[in-house]
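Visitor: Sequence first, then the predicted structure, then my questions.
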Amino acid sequence: MPGDGELRDCRIVIVGASLAGLRAAETLREEGFTGSLTMVGDEPHPPYDRPPLSKQVLLGRVSAKDTGLPQRREVDARWKLGVRATGVDPVKKRVLLADGEELPYDRLLIATGTRARPWPNPAENALDGVFTLRTSDEAGRLAERLDAGPRRVLVIGAGFTGSEIASACRERGLEVTVAERGPAPLVGALGGAFGALAAKLQLAHGVDLRCGVTVTALEGTDRLTGATLSDGSRIDADIAVVALGAVRNTEWLADSGLAAGPLGVTCDAGCRAFSMYGIVTDDVFVAGDVARFPHPLFEYQMLSLDHWGNAVAQAEVAAHNMVSPGPSRRPHLAVPVFWSSQFGLNIKSVGVPTFSDQVVIAQGSLKEARLVAVYGYRGRVTAAVSVNRTKWLSYYQNLIETAAPFPPGPGAADRPGTAVPVSSDVLDPKGLSHGPTVALTGYLPDRRLILVRHAD
C-alpha cells in the first residue's frame with residue numbers, strides 16, 4: 001500500500017473537464033497534492049456552468065461564451081481540451097486518447113458526465129432547425145435561432161430541461177408546443193401527483209401542451225418544417241428542441257473491465273469504481289453525473305444524479321479519497337438537491353421524490369402555487385419539493401436525514417393533521433419522454449424487489 005506521501009506526489013488523470021472535474025482538481029491541490037495532474041476534456045472550452053444554458057442564455061441575457069466556471073484556486077494542471085478519451089488500460093494504468101497519446105496514471109478520476117439524447121432518426125436529426133441542449137455551443141446556436149423569431153418552437157419532452165426551454169421561449173413571446181409521452185410535465189422527477197400543477201402552469205402561460213402523445217416524425221427536406229404526432233395531428237414548426245433526457249458517457253470504457261454501462265459507472269460510497277465482477281478498485285474513482293452509487297438513506301438504492309450540487313460534493317469526496325489512506329477516507333452521503341426556474345416559479349427539491357409512495361402538501365396550496373410538498377416511503381420522509389418557498393427546505397432536509405416519520409407532524413406543516421397524503425404516483429420512466437433527474441437504478445418503490453441481470 002502506498003504511503004500518505006506517495007499518494008500526494010503521484011500521477012493523477014481526470015477525464016472530464018467540466019464542473020466535477022474542475023472541483024476535484026481544486027480539491028486535490030487544497031488537500032496538498034503536489035504530483036502531476038492532467039485534465040482531459042472532449043470540448044475545446046475551459047469548464048463552464050451548465051444551468052444558465054437553458055435559462056439566461058436562451059433568454060438572451062447572457063452569452064454562451066460568458067458561462068465559464070470561476071476557479072476557486074489555481075490547479076496547476078496540464079489541460080488536454082478538445083481531445084476525447086477512447087479507453088483505459090487497467091493493467092498498464094494508461095488512459096488512451098483519440099490523438100494517440102497514452103497518459104500514465106497512479107490514480108484516475110472518471111468525470112465524463114452526460115450528453116443530450118439525440119433524436120433517434122439520424123436523417124431527421126440532421127435537419128436544419130433540430131437542436132439538443134447540453135453544451136455551450138448548442139445553447140449559443142439555439143439562442144441565435146430564437147433571436148431570429150421562429151414561427152413556432154416544438155419542444156420534445158417535458159422534463160426540467162424541456163420545461164425550462166418552453167418557459168424561455170414563452171418569455172420571449174414565441175409560440176411553443178410541448179409534446180410529452182407521459183401524462184404531464186415533470187412527472188419523471190416529481191411524480192405524477194405534481195404533474196397537474198406543472199401542466200396548469202404551462203397552459204396558463206400559453207404553451208400548447210400535448211401530453212400522452214409522441215412525435216412520430218420530424219418533417220422537412222433540408223430544413224425542419226414541422227412534425228407529426230402519434231394522435232395523427234401535425235404541427236408546423238421552424239425549430240424542434242429534443243429534450244429526451246441524458247446519455248451517460250461510458251462507451252469509451254467498454255473494454256476497461258469496469259462496471260460501466262448505460263446506467264453509469266458503478267462505485268462505492270467512497271467513489272471507488274467497481275470492476276465488472278463487482279470488485280472494488282483502489283486506483284479508479286468516479287464523480288458527477290456519470291457516477292452510480294449507493295445511498296443508505298434510500299435503502300442503498302443505486303442512484304444516478306443529474307445535479308449541480310451532487311457533482312460538486314461528490315468530486316470533493318473523490319478527490320479527498322484519492323490522496324488519503326483508508327482510515328482517513330470519507331463517504332459521499334450528501335442528500336440530493338436540485339432546482340429549476342420556469343414560468344415565474346422557483347422549484348427546489350431535496351431528497352428523492354420518486355423514492356416515495358405518498359405525498360402531502362405540508363405548507364401552502366396548489367391553488368396559490370406557493371407550497372411545500374413532502375414525500376414519504378413506508379412511513380418515513382424521503383423528499384420535499386418547494387414552490388416559491390425555498391427557505392423551509394433545510395428543515396425538511398433534516399427530517400430526511402433523521403428518517404423522520406411520514407406524514408410530518410406539528411412544526412412541519414401549516415395545518416398539521418388536516419392535510420391528507422395521497423399517492424405520489426411514481427411512474428415507470430419507460431413511459432415518459434423525459435428521463436428522471438434522480439435515477440433509482442434498482443427498483444421502483446411500488447414494485448417487489450427482483451434481481452435483474454444486465455448485459456453490461
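Guide: Now that the structure is in, tell me what you want to look at. Numbers count the residues shown, from 1 in each chain.
Visitor: Can you give me the end-to-end span of stretch 245-260?
Guide: 19 Å (CA to CA, to the nearest Å).
Visitor: In that stretch, which residues are buried?
Guide: For stretch 245-260, the neighbour count (16 or more other CB atoms under 10 Å) marks 245-246, 248-250, 252-253, 256-260 as buried. Where C-beta positions appear, they are placed from N, C-alpha and C, glycine not excepted.
Visitor: would CSV of those with distance to residue 271, secondary structure and pLDDT be doable?
Guide: Compiled in CSV, those are given as follows (distance: CB to CB, whole Å; DSSP: H, G, I helix; E, B strand; the rest coil; pLDDT from 0 to 100):
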residue, distance to residue 271, secondary structure, pLDDT
245, 24, coil, 92
246, 20, strand, 93
248, 16, strand, 95
249, 17, coil, 97
250, 16, coil, 96
252, 19, helix, 97
253, 16, helix, 97
256, 16, coil, 95
257, 18, coil, 94
258, 13, strand, 95
259, 13, coil, 94
260, 14, strand, 94
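Visitor: And the furthest pair within those?
Guide: Pairwise distances across the buried residues of stretch 245-260 peak at 27.6 Å for 245 and 257 (criterion: CB to CB).
Visitor: And the helices in this protein, which stretches?
Guide: According to DSSP state H, the chain carries its helices in the segments 4-7, 19-30, 122-125, 136-147, 160-171, 187-190, 195-204, 308-322, 393-401.
Visitor: Who are the packing partners of the third one?
Guide: Contact here means 3 or more CB pairs under 8 Å, 6 or more residues apart in numbering; DSSP states H and E; on that basis helix 122-125 packs against strand 215-220.
Visitor: Outside of stretch 83-90 itself, which residues are in contact with it?
Guide: Applying CB atoms under 8 Å, 6 or more residues apart in numbering, the contact partners of stretch 83-90 are 15, 40-42, 94-99, 101-102, 108, 112, 252-258, 281, 284.
Visitor: which residues sit in contact with residue 94?
Guide: Each residue near residue 94 by CB under 8 Å, 6+ apart is listed here: 88, 102-105.
Visitor: An error on my part: the question was meant for residue 232.
Guide: Contact analysis of residue 232 by CB under 8 Å, 6+ apart lists nothing.
Visitor: number of nearby residues for residue 222?
Guide: 9 (other CB atoms under 10 Å).
Visitor: Please name the residues that touch the nearest residue to it once chain neighbours are set aside.
Guide: Take residue 222 and drop its neighbours on the chain: the residue closest to it by CB to CB, 6 or more residues apart in numbering is residue 128, 5.9 Å away. Counting by CB under 8 Å, 6+ apart, residue 128 makes contact with 220, 222-224.
Visitor: Neighbour-wise, give me the winner out of the residues you listed.
Guide: Each of those was scored by neighbours using other CB under 10 Å; the highest score is residue 224's, at 22 neighbours.
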